[in-house]
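Undergrad: The following block contains a protein sequence and its predicted model.
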Amino acid sequence: MAHRGSKGTKLYLTVLYMVASCSAVSMNDLLDRASQRSDKLHSLSTTLTHELDSHFPPIGRAIMPRPSMCHTSSLQTPNDKEQALRVSESDLLSLSRSLLQAWVDPLVLLSTSANSLPHPSHNNIYSKIQELQEHSKSLGDGLDILSGKMGPSSQYISLLPFRGGNNLGQDKISRLVNFHFLLSCLRRDSHKIDSFLKVLRCRAIKMRPEMC
């Protein structure tokens with residue numbers, strides 16, 4: 001019993017230390033880390049999209065769903081940097097967190113589907129999807145800490161349920177097309193998240209808007 005108590009005490013102290021460490025980190029540092037992680041997230045999704053393009057049947061492009069069919073399309077977001085610069089800090093963070101949260105389930109589907117994907121580089125694609133999940137989780141944890149520092153309005157998350165099921169289709173073409181479509185949606189959303197966080201970082205260090 002004493003041994004268990006000792007383990008429990010160590011765990012409790014570790015958690016306290018982590019909380020205290022996060023609290024001690026400045027907003028600027030947190031935003032800088034978040035921006036680096038979001039940049040990596042977008043870079044990975046872009047690399048994966050290009051990798052799929054290298055072995056994608058012409059008919060796949062003809063039947064690819066439109067971007068408006070992405071499950072996150074209902075979320076009203078700034079269309080460009082100029083619009084983003086007019087959005088409040090708390091709203092930009094809320095939008096970033098909403099988009100990131102919306103990709104938890106789709107990333108699981110991409111991960112479970114990658115190994116059986118009819119693509120010569122499916123092993124490498126699977127490995128990169130795993131990285132995407134890790135970066136997404138890490139970024140989400142960082143944004144949770146940021147929202148705690150920025151106040152209640154930044155903690156609001158819009159629910160954007162993914163209704164794509166648990167498989168990408170029965171035939172090879174369907175699986176490739178649906179996988180590619182999901183990745184293209186992720187690439188678009190990761191670019192938005194990265195842009196919003198870079199605007200937040202620029203504001204935090206008081207850079208001129210045109211430099212963001």
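TA: Happy to help now that I have it. Numbers count the residues shown, from 1 in each chain.

Undergrad: Please export the C-alpha coordinates of stretch 47-59 as CSV.
TA: This file holds the C-alpha atoms of stretch 47-59, laid out as CSV (Å, rounded to 0.1, in the frame of the first residue of the first chain):
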residue,chain,number,x,y,z
THR,A,47,3.2,16.6,-48.8
LEU,A,48,0.7,13.8,-48.4
THR,A,49,-1.6,15.4,-51.0
HIS,A,50,1.3,15.6,-53.5
GLU,A,51,2.2,12.0,-52.8
LEU,A,52,-1.2,10.8,-53.6
ASP,A,53,-1.2,12.9,-56.8
SER,A,54,1.7,10.9,-58.0
HIS,A,55,-0.5,7.8,-58.4
PHE,A,56,-4.1,9.1,-58.9
PRO,A,57,-6.2,7.9,-61.8
PRO,A,58,-7.6,10.5,-64.2
ILE,A,59,-11.2,9.4,-63.5
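
Undergrad: chain center to it, what's the gap?
TA: From the chain centre to the centre of stretch 47-59 is a distance of 21 Å (C-alpha atoms, centre = their mean, to the nearest Å).

Undergrad: Name the residues of that stretch that are buried.
TA: Under the neighbour-count criterion of 16 or more other C-beta atoms under 10 Å, stretch 47-59 has 48, 49, 51, 52, 56 buried. C-beta coordinates here come from the backbone N, C-alpha and C atoms, glycine included.

Undergrad: pretty sure the second one is in contact with residue 185, am I right?
TA: Think residue 49. No. If you go by C-beta atoms under 8 Å, residue 49 and residue 185 don't touch, sitting 10.3 Å apart.

Undergrad: who are the neighbours in contact with residue 151?
TA: Contacts for residue 151 (C-beta atoms under 8 Å, 6 or more residues apart in numbering) come out as residue 90.

Undergrad: Tell me the buried residues in stretch 127-139?
TA: 128, 129, 132, 133, 135, 136, 139.

Undergrad: Strands along the protein, start to end?
TA: Assigned by DSSP state E, the chain shows no strands.

Undergrad: Out of the buried residues of stretch 127-139, flag the one nearest to residue 72.
TA: Comparing these against residue 72 with C-beta to C-beta picks out residue 136 as the nearest, at 13.6 Å.

Undergrad: can you pull the pLDDT of the closest one?
TA: Here, the pLDDT recorded for residue 136 equals 96.

Undergrad: re the thing from before, where's the dip in pLDDT among the buried residues of stretch 47-59?
TA: Taking pLDDT as the measure, the buried residues of stretch 47-59 have their low point at residue 56 (78).
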